[in-house]
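**Student:** could you work out the structure for the sequence below:
(one chain, ligands or ions: 1)
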Amino acid sequence: MKLSFRWYGEEDKVTLEQIRQIPGMHSIVTAVYDVPAGEVWPEASIGRLKRQVEGAGMHFEVIESIPVHEDIKLGKPGRERYIENYCENIRRVAAAGVRCVCYNFMPVFDWTRTQLDHRLEDGSTCLAYYQRQVEAVNPLESDSDLTLPGWDASYSREELKQVVAEYQAMTEEELWGNLQYFLERMIPVAAGCGVNMAIHEDDPCWSIFGLPRIITCEKNLDRFLKLVDDPHNGITLCTGSLGCSGHNDVVHMAAKYAAQGRIHFVHMRNVKVLEDGFEERAHLSSCGTLDMYAIMKALYDNGFCGYIRPDHGRMIWGETGRPGYGLYDRALGATYLNGLWEAIEKGIK
Ligand SMILES: [Mn+2]
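**Tutor:** Down below sits the predicted model:
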């Protein structure tokens with residue numbers, strides 16, 4: 001495995017110099033953040049990121065994410081231009097040495113949580129999702145000022161209503177069709193540049209607000225991988241996104257898809273599954289519902305050699321900043337992952 005860490009660029013309170021001091025850090029996971037979704041990234045911006053990351057002594061090989069424009073997901077006529085732009089971005093990052101690109105196909109709402117500062121018993125805070133709070137929010141009610149954290153603030157309420165209504169009129173099968181159309185054009189370009197595409201599961205892995213969501217479970221991941229049956233068409237195994245549903249056997253999925261050579265990137269995060277949702281927890285297995293050792297062992301045993309990063313951390317030690325993306329708890333997570341990996345490796349030899 002190649003240990004990596006997400007960095008939000010120069011705006012990030014967490015610096016490359018700090019990340020480099022985490023033992024065993026191999027790669028920085030980042031993106032060009034100042035270009036709207038669907039547009040082409042300037043080569044100068046990509047080059048600058050590469051210089052910054054390599055200048056700090058780490059590798060620039062993973063992008064998270066190149067966002068997929070809504071017109072592609074909705075299958076609108078405008079998608080042709082956005083698919084061509086997407087492919088051009090893959091060519092450009094590949095030319096800068098990138099080997100893996102994470103992306104998702106979630107309608108409108110990327111990750112969804114209802115609370116960003118849920119206080120745990122030990123005084124740390126975490127991201128949480130409570131179904132009853134989601135049900136209290138109706139994105140189609142124009143008189144409602146309620147929003148949820150993580151929503152795209154670039155939409156006005158009227159625009160949000162419109163795009164949500166478009167998706168609510170769409171079936172899951174139509175969304176599958178639009179995904180296939182995109183993959184059939186995009187994956188050959190990625191394959192030609194030697195870039196592994198790694199779709200991220202829907203987070204959480206179920207439908208919200210009646211919008212279709214399809215990258216959610218083993219059956220659907222099987223279907224996804226067959227849409228374009230090429231090793232470059234792979235997944236980001238996000239343990240927290242899949243593991244927040246008790247229906248997903250994350251250990252089994254890690255073993256199965258690693259053995260198929262289709263896991264290119266792993267997000268390791270522990271969650272506590274509750275009757276009414278879930279809370280993000282510290283990485284240690286005993287802090288949540290997931291068996292982090294068993295997941296790492298399944299990856300190891302099945303030849304996983306891709307990139308892995310600690311996913312969201314709690315806020316600890318008085319740190320403030322981007323929810324889920326502070327330095328301290330993610331650094332603890334990285335060190336824990338190193339420890340698991342070393343123990344598994346040495347235990348077998
Ligand atoms: Mn993730």
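
**Student:** my guess is Cys287 contacts Arg281, does it?
**Tutor:** Yes: when contacts are counted by Cβ atoms under 8 Å, Cys287 is listed as touching Arg281 (4.4 Å). All C-beta atoms are positioned from the backbone trio N, CA, C, and that covers glycine.

**Student:** more neighbours, the two?
**Tutor:** Using other Cβ atoms under 10 Å, the more surrounded residue of Cys287 and Arg281 is Arg281, with 24 against 17.

**Student:** Gln115 versus that one, what's the distance?
**Tutor:** For Arg281, the distance to Gln115 (Cβ to Cβ, to the nearest Å) stands at 14 Å.

**Student:** confirm that Pro323 sits in a strand.
**Tutor:** No: read with DSSP: H, G, I helix; E, B strand; the rest coil, Pro323 is coil and lies in no strand.

**Student:** contacting residues for it?
**Tutor:** With contact taken as Cβ atoms under 8 Å, 6 or more residues apart in numbering, Pro323 is in contact with Leu116, Asp117, Leu127, Pro149, His312, Met315.

**Student:** sorry, back to before: mutual contacts of Cys287 and Arg281, please.
**Tutor:** The overlap between the contact sets of Cys287 and Arg281 (Cβ under 8 Å, 6+ apart) consists of Asn270, Lys272.

**Student:** and the lowest-mean-pLDDT helix or strand in the chain, what other elements does it pack with?
**Tutor:** Between all helices and strands in the chain, the lowest mean by mean pLDDT, DSSP states H and E belongs to helix 157-168, at a mean of 83. With contacts defined as 3 or more Cβ pairs under 8 Å, 6 or more residues apart in numbering; DSSP states H and E, the secondary structure elements packing on helix 157-168 are helix 70-74.

**Student:** following element in sequence after the helix it packs on, please.
**Tutor:** Per DSSP states H and E, the first helix or strand lying C-terminal to helix 70-74 is helix 79-95.

**Student:** pLDDT check: weakest of the contacts of Pro323?
**Tutor:** Lowest pLDDT among the contacts of Pro323: Pro149, with 64.

**Student:** list the contacts of the most centrally placed residue in the chain.
**Tutor:** Residue closest to the mean C-alpha point of the chain, counted by Cα atoms, centre = their mean, is His200 at 4.7 Å. With contacts taken as Cβ under 8 Å, 6+ apart, His200 has the following neighbours: Glu64, Ser65, Cys102, Tyr103, Asn104, Ile215, Ile235, Thr236, Cys238, Ser241, His267.

**Student:** who's in contact with the first one?
**Tutor:** Pointing back at Glu64 there. Under the criterion of Cβ under 8 Å, 6+ apart, the contact list for Glu64 reads Arg6, Val29, Thr30, Ala31, Val101, Cys102, His200, Thr236, Phe265.

**Student:** same thing but 7 Å
**Tutor:** Taking Cβ atoms under 7 Å, 6 or more residues apart in numbering as the criterion, Glu64 is in contact with Arg6, Val29, Ala31, Cys102.

**Student:** which parts of the stretch 151-300 of the chain sit against the ion?
**Tutor:** Where the stretch 151-300 of the chain comes near the ion, counting by Cβ under 5 Å from the ion, the residues are Cys238, His267.

**Student:** one more time with 8 Å
**Tutor:** Within the stretch 151-300 of the chain, the positions lying close to the ion (Cβ under 8 Å from the ion) are His200, Glu201, Asp203, Thr236, Cys238, Gly240, Ser241, His267, Arg269.

**Student:** can you tell me which of the residues you listed has the most neighbours?
**Tutor:** Neighbour counts for those peak at Glu201, which has 31 neighbours (criterion: other Cβ under 10 Å).

**Student:** that residue contacts Leu242, correct?
**Tutor:** Yes: assessed by Cβ atoms under 7 Å, Glu201 is found in contact with Leu242 at 5.4 Å.

**Student:** common neighbours of the two, please.
**Tutor:** Both Glu201 and Leu242 lack any common contacting residue under the criterion Cβ under 7 Å, 6+ apart.

**Student:** how about the strands in the chain?
**Tutor:** Across the chain, reading from the start of the chain, the strands by DSSP state E fall at 2-6, 27-30, 59-64, 100-104, 115-119, 125-130, 196-200, 233-238, 263-268, 270-274, 277-281, 307-310.

**Student:** tell me the strands beside the fifth one, with direction?
**Tutor:** When pairs are called by DSSP bridges, strand 115-119 turns out to pair with strand 125-130 (antiparallel).

**Student:** now swap in the second one and tell me
**Tutor:** For strand 27-30, sheet partners with direction are given as strand 2-6 (parallel), strand 59-64 (parallel), following DSSP bridges.

**Student:** how about those strands in TSV, adding mean pLDDT and distance to the ion?
**Tutor:** Putting these into TSV (pLDDT from 0 to 100; distance: least, Cβ to the ion, whole Å) gives the following:
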stretch	mean pLDDT	distance to the ion
strand 2-6	98	9
strand 59-64	98	9
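
**Student:** great, nothing more from me.
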